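> Provided below for reference: sequence and predicted model.
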Amino acid sequence: MNVRLIPADNPDDLAAKAAAHFVAKATAASGRFVVALSGGSTPRLFHTFLAEERSEHVDWSRVHFLLSDERALPPSDPNSNFFMAQETLLKPLGIPRAQIYRPEADAGDLGIAASLYETIVAGLTSPAGAVDLVVLGMGDDGHTASLFPGEAEPGGLVAAVSASTGTVADRRLTFTYEALSRARSMLILISGRKKAARLKQVLTEGGDLPMQRVLRGRKGDTTIIADRDALAELEPAQIEELK
Ligand code: 6PG
């Protein structure tokens, strides 16, 4: 597993390290830089830090934004991943609409929405179908993007899925394992003591949790930034081995 672990002291330090990683990748890229963002609470701090503290370090005219997953909610719904990305990063940076590609998971037929978004992703990442950077979180159950445990592997690059979260936002669009495996770089942000047991399982045991499948399938570089609480179940030697 070609994974590099960067320990962070706390959520703020995680956000700062993630922003530095983003800037390094964006500035190293020549031409267009295509990034796929995730939802959830962990990326929020990263977005805010990137927008407020690091924005002058990136030529944003070259950066194009996708989402690695989206709930079947309108963009104005605070529970949509687009809304969070818009409020914490895209609007503060003044990113033009032409550089933002929202999965229209609220458009009615989710299968058609998945096909339409796959066409956008494929066109933007032609010919390899590889985004330059995908930013992911991990749920307590080991899910990532909207790839959940026990679900069949969807085909293509973007799929319509039903999460079993029991929330209003169960219907979703998500990058598939194939799309995630192709990403040139992957940045995974994990924070909090409730993730510690699952992170240890993902990093030290075999298995078929979505995050384990994603890591096994990786061809490009993969970095996990995890804070002290999320690393609490790993031995110091195990952390050193993964650095
Ligand atoms: C979503 C996210 C999801 C998220 C994880 C971790 O749409 O819910 O894309 O995959 O990354 O659930 O979320 P937290 O960072 O809030 O723990």
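Looks like it came in fine.
> and Asn66, what helix or strand is that in?
Residue 66: Leu, not Asn. Element membership of Leu66, judged by DSSP states H and E, is strand 63-67.
> list the buried ones in the top helix by length along the chain?
Counting residues, the longest helix found in the chain (DSSP state H) is helix 11-28. Residues of helix 11-28 classed as buried by neighbour count (16 or more other Cβ atoms under 10 Å): 11, 13-23, 25-26. The C-beta positions use only the backbone N, C-alpha and C, and glycine is treated the same way.
> and that helix, what other elements does it pack with?
strand 3-8, strand 33-37, helix 42-53, strand 133-136, strand 185-190, strand 221-227 (3 or more Cβ pairs under 8 Å, 6 or more residues apart in numbering; DSSP states H and E).
> show residues contacting the shortest one.
Okay, so that is strand 133-136. With contact meaning Cβ atoms under 8 Å, 6 or more residues apart in numbering, strand 133-136 is reached by 18, 22, 25-26, 33-38, 43, 46, 68, 144-145, 175, 180, 183-189, 214.
> ok, 7 Å please
25, 35-38, 43, 68, 144-145, 180, 183, 185-189 (Cβ atoms under 7 Å, 6 or more residues apart in numbering).
> please apply the same query to the longest one.
Contacts with helix 42-53, where a contact means Cβ under 7 Å, 6+ apart, come from 11-12, 15-16, 18-19, 22, 37, 84-85, 88-89, 92-93, 135, 137, 189-191.
> and this structure, which of its residues are near the ligand?
38-42, 69, 81, 137-139, 143-146 (Cβ under 6 Å from any ligand atom).
> which ones among those residues lie within strands?
Asp69 (DSSP state E).
> could you flag which of the residues of the chain next to the ligand are buried?
38-40, 42, 69, 81, 137-139, 143-146.
> buried ones in stretch 152-159?
Applying 16+ other Cβ under 10 Å to stretch 152-159 flags 154, 157-159 as buried.
> return the residues in contact with Leu67.
36-37, 81-82, 85, 102-103.
> same question but for Thr204, I mixed them up
So Thr204 contacts Gln238 (Cβ under 7 Å, 6+ apart).
> check the gap between it and Gln238 for me.
6 Å (Cβ to Cβ, to the nearest Å).
> likewise for His47?
Applying Cβ to Cβ to His47 and Gln238 gives a distance of 30 Å.
> which one's more surrounded, the two?
Using other Cβ atoms under 10 Å, the more surrounded residue of His47 and Gln238 is His47, with 24 against 14.
> in this structure, which ranges drop under the pLDDT threshold?
1, 164-169 (pLDDT under 70).
> any idea how far Ser55 is from Gly129?
29 Å.
> can you check Ala122 too?
29 Å.
> cool, Pro75 as well?
22 Å.
> could you do Ala20 as well?
From Ala20 to Ser55 the distance is 13 Å (Cβ to Cβ).
> then Lys17?
Relative to Ser55, and taking Cβ to Cβ, Lys17 is found at 17 Å.
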